[in-house]
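In: Could you look at this predicted model? Sequence included:
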2 protein chains.
Amino acid sequence: MAIGGGTGLSVLLRGLKHHVGTERLRQLTGVVTVTDDGGSSGRLRRELGVLPPGDIRNCIAALADDEDLLTRLFQYRFPNGGGLLGHSFGNLFLTALTGITGDFHQAILTAESVLSVRGKIFPATLADVRLRGRGVSGRIYEGESAIGLSGEELAAVELDPANPPAFPQAVAALERADLILLGPGSLYTSILPNLLIPGIRQALVKTRARVVLLLNLMTQPGETDGMMGLDHLRALVRQAGEGIIDAVLVNSTPIPPPLIAHYAETGSVPVAVDRAVLEALGVEVHEADLLAADGDLIRHDPEKLARAVLELTPHSPAPLSRPSTHPAGERGAQERFSAN
Amino acid sequence: MAIGGGTGLSVLLRGLKHHVGTERLRQLTGVVTVTDDGGSSGRLRRELGVLPPGDIRNCIAALADDEDLLTRLFQYRFPNGGGLLGHSFGNLFLTALTGITGDFHQAILTAESVLSVRGKIFPATLADVRLRGRGVSGRIYEGESAIGLSGEELAAVELDPANPPAFPQAVAALERADLILLGPGSLYTSILPNLLIPGIRQALVKTRARVVLLLNLMTQPGETDGMMGLDHLRALVRQAGEGIIDAVLVNSTPIPPPLIAHYAETGSVPVAVDRAVLEALGVEVHEADLLAADGDLIRHDPEKLARAVLELTPHSPAPLSRPSTHPAGERGAQERFSAN
């Protein structure tokens, strides 16, 4: 059970999908924000009045077989063709199916079926909502794209209209889960938009699942400049209230200094975590090697992330009658396998 | 085995698909022209350099389950959305897949697989060819769209560039067939463009199959004004040579006079057939009730057309060793079931 949007969530799902059906991961569900207003999604939203399909498309594709021709088709962007330029085929798939059925979730279900995905994707809400940011200066940023480029510290984000109804199946999945993962991904534009939906927020408080924040490796210029681990948690509490986050998962592998220097040029720095401070606040801190080994990008390795996440699920493959020794086991007693 | 393009061919395939797998119709193959340059296909062709997908899309959809959501998706036209307006989803599917694989036929195969179609569709050629028309006045009409609107009697149509290579699998299917159907459909812009490809034309001469022209019910304003059955045959012989057409299938049901009067307003009149003249030319004339019963349109009924066509196939379900009593049986001796 993972919540987020954008690239971070798809990296997580891409890693976890290989474990679906194993003892530790009976089911995999992604809850995805629908506040994107940029690129192909933004154009479809403005021109055709659909919910933004891009983040959902990425997550569906992440749960499919990467090598499959249909998955490649789903992720294909038209390189030319006037009004087609830059549209990804999967976005058009979800848009056209929504046009036919009048039902965005039916479109998602059909895509999942065609791509034989290993998991389920739910939109956080079916309401047509936008994101609005408020900087500490009081300045207002209308729309997810504008927030991501704000360049100033954000005081808050809010949905417009406020308090949309949560998608019921997303709420049900959260309540039923054994493990819930927030992130990795943009704090204000991928994670928080979900938590601003009352039904989602309440489900996160109510669920018996362990809720783990997968902290970003680096700060995001224009959005989380200078924010360390504690700042991320504080922003979450300020916006969504107490009692949601049980634990954080952080990378333990040193990032090569040349990469850090390279990122520093854009104002992006590692998200440092002070274990003692977080633990004093009652938040478990888990560390693991999560770093992707290759390339010039500092990012999570899907498979390392997946393995570390699965370590956070109840260890015991015991039947229901046998109590688990893991703290999360009590919450998840009704379901043997976690990350439901 | 049917050859054509556009709406007429899809009507035929839509009727025949219900009989695929029966004794009389073991396999069903459509060979489709790729000279369309109008509408969504024309735009994709100009802007993305693909072969025109529209006629092929229609034929694939005709072979699929009409009620299936994916078939409806395939035929969905974007009602809005800037550059998406008027594009049909299936065209974008074939275009994107061609972009990924670099192979138009691979795109067709994938669409056939996703839609679980009952049959096979082959392009007549994979070459990027245009159609050029020459009126009796000597005037040149560049492109299929212009020809359809010429309004004058056509002396000839030709491909540009001339003599493209035929798609090998289309040729193989023609050579293997027991029954080959030309039309119904636009004589100059759907049927003849296929026959102008030397490999297709030669296969039609060489095949052991009975080749039947499914005559149009009405003349087509701007394209076949005033042309009766004999004129259609003459045009075919003039352009593609002798020895191709073995038989014609014509509608025997009187068209209601009010409908004829209505069509006359646009210059469209019934295509009359003089049986004696055609038979004197060595062409069999078969008649059957082919008329769609309902609506204000004069058109073929898919199911009636399919049944009449299947009557033209060898009657005997005999094993290979038992000679068929039907004239076409000898040609088709190597294959038990016709309309291969």
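Out: Happy to help now that I have it. Given the structure is predicted, the values throughout are model-derived calculations rather than measurements. Residues are numbered from 1 along each chain as shown, chains lettered A, B, ... in the order given.
In: what's the distance between stretch A:51-58 and the middle of its chain?
Out: In terms of Cα atoms, centre = their mean, to the nearest Å, the gap separating the centre of stretch A:51-58 from the centre of its chain is 12 Å.
In: Which residues of chain A lie near chain B?
Out: Taking Cβ under 8 Å from any Cβ of the partner chain as the contact definition, chain A meets chain B at A:43-44, A:47-48, A:69-70, A:72-73, A:76, A:78-85, A:87, A:89, A:92-93, A:95-97, A:99-101, A:110, A:114. To be clear about C-beta, it is placed using only N, CA and C from the backbone, and glycine gets the same treatment.
In: Drop anything exposed from those residues.
Out: Buried residues within the residues of chain A next to chain B, defined by neighbour count using 16 or more other Cβ atoms under 10 Å in any protein chain shown: A:43-44, A:47-48, A:69-70, A:72-73, A:76, A:78, A:81, A:83-84, A:87, A:89, A:92-93, A:95-97, A:99-101, A:110, A:114.
In: Whatever residue of chain A ends up closest to chain B in helix, strand or coil?
Out: Going by Cβ to the nearest Cβ, chain B is nearest to A:Gly83 of chain A, at 0.4 Å. What DSSP: H, G, I helix; E, B strand; the rest coil gives for A:Gly83 is helix.
In: Report the spatially closest residue to it, excluding sequence-adjacent ones.
Out: B:Gly83 (0.4 Å; Cβ to Cβ, 6 or more residues apart in numbering or on different chains).
In: can you tell me which residues contact that neighbour?
Out: Neighbour list for B:Gly83: A:Gly81, A:Gly82, A:Gly83, A:Leu84, A:Leu85 [criterion: Cβ atoms under 8 Å, 6 or more residues apart in numbering or on different chains].
In: Which helix or which strand is home to the closest residue to the first one other than its chain neighbours?
Out: Nearest residue to A:Gly81 in three dimensions, chain neighbours excluded: B:Glu47, at 4.1 Å (Cβ to Cβ, 6+ apart). Assignment of secondary structure by DSSP states H and E places B:Glu47 within helix B:39-48.
In: So which of the buried ones among the residues of chain A next to chain B are in helices?
Out: Counting by DSSP state H, the part of these found in helices is A:43-44, A:47-48, A:69-70, A:72-73, A:89, A:92-93, A:95-97, A:99-101, A:110, A:114.
In: residue boundaries of the strands in the stretch 101-250 of chain A?
Out: Ranges of strands in the stretch 101-250 of chain A, per DSSP state E, counting those that start in this stretch, are A:120-123, A:130-135, A:140-142, A:154-160, A:179-182, A:210-214, A:247-251.
In: deepest of those, which one?
Out: strand A:179-182 (a mean of 27; mean count of other Cβ atoms under 10 Å in any protein chain shown).
In: in its sheet, what does that one sit against?
Out: Strands that pair with strand A:179-182, judged by DSSP bridges, come out as strand A:2-4 (parallel), strand A:210-214 (parallel).
In: Can you flag the weakest of these by average pLDDT?
Out: Of all the strands paired with strand A:179-182, strand A:2-4 carries the lowest average pLDDT, namely a mean of 90.
In: Which stretches in the stretch 151-300 of chain A count as helices?
Out: A:168-176, A:192-195, A:198-206, A:229-240, A:257-264, A:275-280 (DSSP state H, counting those that start in this stretch).
In: okay, the ones you listed in JSON lines with mean pLDDT and mean neighbour count next?
Out: As requested, the helices of the stretch 151-300 of chain A are exported to JSON lines (pLDDT from 0 to 100; neighbours: other Cβ atoms under 10 Å in any protein chain shown):
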{"stretch": "helix A:168-176", "mean pLDDT": "96", "mean neighbour count": "19"}
{"stretch": "helix A:192-195", "mean pLDDT": "96", "mean neighbour count": "25"}
{"stretch": "helix A:198-206", "mean pLDDT": "96", "mean neighbour count": "18"}
{"stretch": "helix A:229-240", "mean pLDDT": "96", "mean neighbour count": "18"}
{"stretch": "helix A:257-264", "mean pLDDT": "95", "mean neighbour count": "13"}
{"stretch": "helix A:275-280", "mean pLDDT": "96", "mean neighbour count": "13"}
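In: B:Pro53 is nearest to which of those?
Out: Across the helices of the stretch 151-300 of chain A, B:Pro53 has its closest neighbour in helix A:168-176 (35.9 Å, Cβ to Cβ).
In: CA atoms only: put that closest one into PDB for me.
Out: In PDB, the C-alpha atoms belonging to helix A:168-176 read as follows (Å, rounded to 0.1, in the frame of the first residue of the first chain):
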ATOM      1  CA  PRO A 168     -14.000   5.000  -1.400                       C
ATOM      2  CA  GLN A 169     -11.900   2.100  -2.600                       C
ATOM      3  CA  ALA A 170      -8.700   4.000  -1.700                       C
ATOM      4  CA  VAL A 171     -10.000   4.500   1.800                       C
ATOM      5  CA  ALA A 172     -11.000   0.800   2.100                       C
ATOM      6  CA  ALA A 173      -7.600  -0.200   1.000                       C
ATOM      7  CA  LEU A 174      -5.900   2.000   3.500                       C
ATOM      8  CA  GLU A 175      -8.000   0.700   6.300                       C
ATOM      9  CA  ARG A 176      -7.200  -2.800   5.400                       C
END
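In: what residues does that helix touch?
Out: Residues outside helix A:168-176 that contact it (Cβ under 8 Å, 6+ apart): A:1, A:3, A:29, A:31, A:105, A:120, A:122-124, A:180, A:199-200, A:202-204, A:206-207, A:209, A:335, A:340.
In: Isn't A:Asp204 up against A:Leu196?
Out: Careful, residue A:204 is Leu and not Asp. No - taking contacts as Cβ atoms under 8 Å, A:Leu204 lies outside contact range of A:Leu196: 11.8 Å.
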